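[1] model this:
(chains A, B, C and D)
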Amino acid sequence: MASEAYAPRELMVSAAAAEIEDGDTAFVGMRLPLIAFQVAVSTHAPDSMAVYESGVVRDGPADGFIHTMCDLPNLNRAVSTTGMLDIMSRLQRGDVDVGFLGGAEVDRYGNLNTTRVRAGDREIRLPGSGGACDIACMAGRTVLLMPHESRRFVEEVNYVTSPGHADDGSGRENHPAPGGGPDALVTSKATFGFADGELFLRSVHPGVDREAMLADFPWEVRTAPEVGEGPVTTTPEPTAEELDLIRTFDPDGFWT
Amino acid sequence: MASEAYAPRELMVSAAAAEIEDGDTAFVGMRLPLIAFQVAVSTHAPDSMAVYESGVVRDGPADGFIHTMCDLPNLNRAVSTTGMLDIMSRLQRGDVDVGFLGGAEVDRYGNLNTTRVRAGDREIRLPGSGGACDIACMAGRTVLLMPHESRRFVEEVNYVTSPGHADDGSGRENHPAPGGGPDALVTSKATFGFADGELFLRSVHPGVDREAMLADFPWEVRTAPEVGEGPVTTTPEPTAEELDLIRTFDPDGFWT
Amino acid sequence: MSAESSESLSDAVSRIPPGSSVATGLALEHAIPFAAGHELARQGVDDLTLIGPISDLLFDQLIGCGAVSRVRAAWVGNVSAGTGYRFREAVENDEIDVENHSNFSIALALRAGALGVPFLPTRSLLGSDVFAESDCFEAGTDPFGGEEVAYVPAIEPDWAIVHAQRASPEGDVHLWGNTGIVGPAVGAAENVLVTAEEVVDPETIHSDPSRTAITREQVSAVVECPWGAHPSPVAGHYNRDNEYYLRYHGATDTQAAFDEWADEWVYGVDDREEYMRGVDADLSITEPTVAAEVRYGQ
Amino acid sequence: MSAESSESLSDAVSRIPPGSSVATGLALEHAIPFAAGHELARQGVDDLTLIGPISDLLFDQLIGCGAVSRVRAAWVGNVSAGTGYRFREAVENDEIDVENHSNFSIALALRAGALGVPFLPTRSLLGSDVFAESDCFEAGTDPFGGEEVAYVPAIEPDWAIVHAQRASPEGDVHLWGNTGIVGPAVGAAENVLVTAEEVVDPETIHSDPSRTAITREQVSAVVECPWGAHPSPVAGHYNRDNEYYLRYHGATDTQAAFDEWADEWVYGVDDREEYMRGVDADLSITEPTVAAEVRYGQ
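    Below you'll find the predicted structure:
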């Protein structure tokens, strides 16, 4: 049952939550994924766990709004509050199923840049990797989340903060990083999968003009039927239950 | 003030305790050093700390007899009870001043064997290194403790469990291990120092026949005056205070 | 919460097949999972590779029971009395294979497994026969400063067996007192069996998440097993039964003597409850120390 | 026990000379030592190299105060709002040098320092420009299985600054809630400054030795400093002051605006007490969770 009225970022949270499968250990970072994990564990993935690079491990939503993974509601009644090496050890030994990543720029192979971008002559410094490079290299699969803006989709990212798939179509076969690499990209207008290491259109958000949306990419984006992944669908709207949860976890709509 | 009557191992504990300087971090293992640290911290070295490879850190004696470093009196009211990597990290980064080692065999360079010895045709398996190899390689200095028996003093140990000094007189200059190596050997009959990486006689325990004692070595043991370290002295007897403490920490004389 | 939601020790141990590599005795002389070890022997699980830092008695007992074909450890014996006769005889008779480690090298090997890297470097080992006589390690050179180091390869045990004070039925575990190499071994192991003095409500664990040393996704089985570490001590629960170690030493210097000992203490009892009826030492804690209060909240 | 046996924050910070390398903000968004950081700025300690995983605001503030010449970190900004303008502008104007890390590489670098080895291997970094564009790391080959790995060299900071819930005057420290890379940084640092919500009797620390995260021989100074981490949260003590982060973001997009901000919040107050008089948010903990009892004893 879909709700009548929702914000674009509420749909992104819903779509991101759908990428967490029950039983998954999810590596959760800043912003929207903070809400998405809480939605997933409250709905279809009750046996999922979240690990945060600060050292927190949780098996349920926080009982209060969280700006950051270290806000006290996220620490209170956690399963474990330990250190980063404990969390990164799980990641490096292959025990993290899915990780979330944002980016200022992404290319067709899922390489992400959060370090520095060009704007005309000027080079703008961004905050940097944080744990993103590590998640990109070592999570079982990654889900990329970003606003749908044409300047973010580039033929070549200015700096590979978080490596994606190899550019020779070999997926990660020839790539030194042990993780599975990008599995999905969720923007504010559509969702994409990866086949043979390259992006393809999976679903278009309700009300979005498909052709205009695809025109934001500097390359011809492949579609699901072209890579044998069924038809391009319409992204499901957030359910009423999901919207309720999102508005409980983010009551002032700060992140959404 | 020396006491009238004491057991040989009580004097060994007293001599071992004397090797702990105030402010030292001492790596304490099994048997006599368990008692020696408690004596030292209760007398001349109140600001010394003991670290135990099990993960225990203490700044004072246990309030009860301890068979092992993990007996509850050694954990109770400890400064810290953590894990082995925390303790071994201190050792490897050079924060442990002195470590204690025992051995079934020792050679003139302080190489120790606790792994396997020969008895005629038979090779006898001993328990092994435990943390001894690590302490030998990485403690600032080590103090070796063993019963004075001629079979233990050998030209070449059957197995180098715990490396001593280089055999070319270079001390540890050419030795890969970062620690300072053996600094003293305390037996049940005498104490020895090391100069240029080789053993020399420092003091003889009260009542011990020096020549007979030295005859237990298969090589001509150097003496303090020969290496410019003053005269050979008589090992101080345990003081009445030390004996009181030893008998408090080991009330049934199990280790002493 | 009671242990009813967790399985029996016998069921849990039956999931460990012959030929497994098993890391245990990881907190050194503290909280040694003797109950689980004896159950392995009772079920006749054999051809085991035992992995640990030092083993205070348990490895010796499992060797005596014929359960072991290989040991990867730094020290095997009886900390109260020195020699473990079953270990010694088995080595001297070439009945088991031994990979000699130092405490640090076994800790690093398991830490490498937990960390998900093929090896870790150390400044220990070099110059010893632990290094020189082994084909386990490699020499390497620090690419930054040119320093000589030893490389310790990862060990990833099939099972780690850990005894703890309390665990939730899901497998989140509080343990305190010294932990030796419990953390690295749990991280490196494919499966973890936790025996706990108490199986508690998950809320107890959630009330103090910084005390949580093991989390559920690492754990294959949780069993409530009071006195599961006797004769070793468990912080907050019971003291070490020192006399037991000394009696064992005196009673097991031949295989025949050991067999008699095992008939009484291992094969002659059905479970831990029956075993504890044979122990008459007073190991209770008479001077409890209560940890200073800690709060979380929001 | 009161703080009288420990020195003042101003005295403690005066021991950190210009040009020092300082690791801080180690528990990520939790328990950031803002009070100590502001005191560094007030004392005009400059030419600092700041080391940390992510810095939620503090590095940006110290850069704005002109105290920093180099940053070795994975992320510098404002976790509530994204960009840290002082960091961004300083980089774009080439006023500071940045060594780009990932969270894991900075953690491993400090862990190598704490462990006393020249480097540690990782399977991360490879394929990224964090690796390719840096002269910090080296590529290596696992000598056992031939796998490609990256080597991360040790970092040994001159100082680590840590905020904790409670410490004894001697410098034994209890901290809880997530700890990020506090442990590795404290182990690697030459000196450690601990600011604590409470300086407590040593008996409090001794009552729960498994809670002890830092021990005295690693600590150069202990200072009692209530609210010393505001606006970041401290488990058991106070919540995060989210609005403060948002206001900072809105108020510091030019150096002139930042200077005004710093005149009020850093240079315009003598100490933490005066600073806190300017904070009117209610950050108190209204739903306390008390940790389940733990006993030791014998």
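[2] What's the local residue count around the residue in the stretch 1-150 of chain A positioned nearest to chain B?
    Closest contact between the stretch 1-150 of chain A and chain B, by Cβ to the nearest Cβ, is at A:L85 (10.4 Å). To be clear about C-beta, it is placed using only N, CA and C from the backbone, and glycine gets the same treatment. Using other Cβ atoms under 10 Å in any protein chain shown, A:L85 is surrounded by 23 other residues.
[3] And the next helix or strand past the strand or helix carrying it?
    Using DSSP states H and E, A:L85 sits in helix A:84-92. Of the helices and strands lying after helix A:84-92 in sequence (DSSP H and E), the nearest is strand A:98-102.
[4] buried stuff in that next one?
    A:V98, A:G99, A:F100, A:L101, A:G102 (16 or more other Cβ atoms under 10 Å in any protein chain shown).
[5] try stretch A:5-14
    Applying 16+ other Cβ under 10 Å to stretch A:5-14 flags A:Y6, A:R9, A:E10, A:L11, A:M12, A:V13, A:S14 as buried.
[6] mind listing the helices in the stretch 1-150 of chain C by residue range?
    C:9-13, C:34-42, C:58-64, C:85-92, C:103-115, C:129-132 (DSSP state H, counting those that start in this stretch).
[7] gap between the last one and the chain center?
    For helix C:129-132, the distance between its averaged C-alpha position and the chain's averaged C-alpha position is 25 Å (Cα atoms, centre = their mean, to the nearest Å).
[8] Please enumerate residues in contact with that helix?
    For helix C:129-132, contacts defined as Cβ atoms under 8 Å, 6 or more residues apart in numbering or on different chains pick out B:115, B:129, B:133, B:159-161, C:100-102, C:105, C:125, C:137, C:139, C:150.
[9] Give the helix, strand or coil label for the spatially closest residue to C:V269 that is not a sequence neighbour.
    Closest residue to C:V269 apart from its sequence neighbours, by Cβ to Cβ, 6 or more residues apart in numbering or on different chains: C:Y275 at 4.5 Å. Under DSSP: H, G, I helix; E, B strand; the rest coil, the three-state class of C:Y275 is helix.
[10] C:P17: how many residues sit nearby?
    11.
[11] so what pLDDT did the nearest residue to it once chain neighbours are set aside get?
    Sequence neighbours aside, C:V45 is the residue nearest to C:P17 in space, at 7.2 Å (criterion: Cβ to Cβ, 6+ apart). We have a pLDDT of 98 for C:V45.
[12] List the residues that contact C:V45.
    C:V13, C:I16, C:P17, C:P18, C:S20, C:A67.
[13] Show the buried residues in these.
    C:V13, C:I16, C:S20, C:A67.
[14] what about the closest residue to the first one other than its chain neighbours, how many neighbours?
    On the basis of Cβ to Cβ, 6+ apart, the spatially nearest residue to C:V13 that is not a chain neighbour turns out to be C:E39, at 4.3 Å. C:E39: 28 surrounding residues under other Cβ under 10 Å.
[15] now stretch A:239-246: mean pLDDT?
    96.
[16] that older thread, and the buried ones among the contacts of C:V45 as JSON lines, adding distance to D:G113 and pLDDT?
    Below are the buried ones among the contacts of C:V45 laid out as JSON lines (distance: Cβ to Cβ, whole Å; pLDDT from 0 to 100):
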{"residue": "C:V13", "distance to D:G113": "42", "pLDDT": "97"}
{"residue": "C:I16", "distance to D:G113": "39", "pLDDT": "98"}
{"residue": "C:S20", "distance to D:G113": "37", "pLDDT": "98"}
{"residue": "C:A67", "distance to D:G113": "42", "pLDDT": "98"}
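[17] Nearest to chain D among these?
    Closest to chain D, out of all of the buried ones among the contacts of C:V45 and judged by Cβ to the nearest Cβ, is C:S20, at 22.0 Å.
[18] which residues does that closest one contact?
    C:V45, C:L48, C:T49, C:D158, C:W159 are the contacts of C:S20 under Cβ under 8 Å, 6+ apart.
[19] Give me the phi and psi angles of the closest residue to it other than its chain neighbours.
    Once flanking residues are discounted, C:S20 sits nearest to C:D158: 4.3 Å by Cβ to Cβ, 6+ apart. Taking degrees, to the nearest 10, you get phi -70, psi -40 for the backbone angles of C:D158.
[20] So C:D158 is in contact with C:A189, correct?
    Yes - counting by Cβ atoms under 8 Å, C:D158 does reach C:A189; the two are 7.1 Å apart.
[21] More neighbours: those two, which one.
    C:A189 (28 against 17).
[22] Next up, the contacts around the more buried one.
    Taking Cβ under 8 Å, 6+ apart as the test, what C:A189 contacts is C:A23, C:G113, C:E156, C:P157, C:D158, C:W159, C:A160, C:Q218.
[23] what's the lowest-pLDDT member of those residues?
    Among those, C:Q218 has the lowest pLDDT, at 94.
[24] In contact with that one, which residues?
    So C:Q218 contacts A:D95, C:G171, C:V186, C:G187, C:A189, C:V192 (Cβ under 8 Å, 6+ apart).
[25] With C:L9 as the reference, measure out to the nearest residue to the second one once chain neighbours are set aside.
    Sequence neighbours aside, C:V219 is the residue nearest to C:G171 in space, at 3.2 Å (criterion: Cβ to Cβ, 6+ apart). Separation of C:V219 from C:L9 (Cβ to Cβ, to the nearest Å) stands at 15 Å.
[26] And residue 195, its phi and psi?
    Defaulting to chain A. phi -130, psi 130.
[27] Contact partners for it?
    A:R222, A:V227, A:G228, A:E229.
[28] State whether the last one is indeed within a helix.
    No - counting by three-state DSSP, A:E229 is not part of a helix but coil.
[29] returning to that earlier point: of the contacts of A:A195, buried ones?
    A:R222, A:V227.
[30] farthest pair in the contacts of A:A195?
    A:R222 and A:G228 (10.5 Å; Cβ to Cβ).
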